[in-house]
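> Predicted model and sequence follow; I will ask about them next.
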Amino acid sequence: MEIMIENTTEDDLPLVLHLFREAMELQGKNGYKVWQEIDQEGLRNDIKNRLQFKIMRGKDVLCIFSMQHNDPFIWRERDRNDAIYLHRIVVNPAFKGQKQFEKVLNWAKDYVRQKGLRYVRMDTWAENTRIIAYYRSFGFVFIENYKTSDAPELPVQNRNLDVALLELEVKASL
């Protein structure tokens, strides 16, 4: 069965929150740093602004993720309208191990090419060397570690964090 990537809707919010809670619980059990809370208003804004997506196979939601066009609070002077920023990638535990991130990344690279942009960027926990290595295996380059501020413009779960910034240059289609 084919997968589809489409925007989440307000009707999806209970499932989105459930997936976040499950991911936080699983990561905590496995000894990884986890979000302490989820900015529900930020998620609602992502849904309203059509910046949150779900990967579907039939009626199953395999994964959710958000995308931004700018991320000046984390990427600062590198944020030059030449990238998209992937955030809050959450895999449904029932579909772990089925390369959901690869599906997100393929979608993101196609989006970047269609919009004439140059990069897919993301950040993750600076101390999680395993996830950094995983993203690097897809071609992401480590840029730097950065401590986020507590600016109210940042979602609650992204404030005062030590993050690793990662970037993938996307080649234009021939």
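Received the coordinates, thanks.

> Now the helix or strand of the chain at the bottom of the mean pLDDT ranking: buried residues?
In the chain, no helix or strand scores lower on mean pLDDT, DSSP states H and E than helix 13-29, which sits at a mean of 80. Neighbour-count burial for helix 13-29 flags 16, 19-20, 23-24, 27 (criterion: 16 or more other Cβ atoms under 10 Å). Every residue, glycine included, has its C-beta placed from N, CA and C.

> Could I get the full set of strands for the chain?
3-7, 52-57, 60-68, 83-91, 119-125, 141-147, 162-169 (DSSP state E).

> The fifth one pairs with which strands, parallel or anti?
Put plainly, it is strand 119-125. Strand pairing for strand 119-125, determined by DSSP bridges: strand 83-91 (parallel), strand 162-169 (antiparallel).

> mind checking how far that strand is from the chain centre?
8 Å (Cα atoms, centre = their mean, to the nearest Å).

> Buried residues, that strand. List them.
119-125.

> okay, who's weakest in those residues by pLDDT?
Minimum pLDDT across the buried residues of strand 119-125 is recorded for Trp125, with 86.

> In the chain, which residue is most central in space?
His87 (2.4 Å; Cα atoms, centre = their mean).
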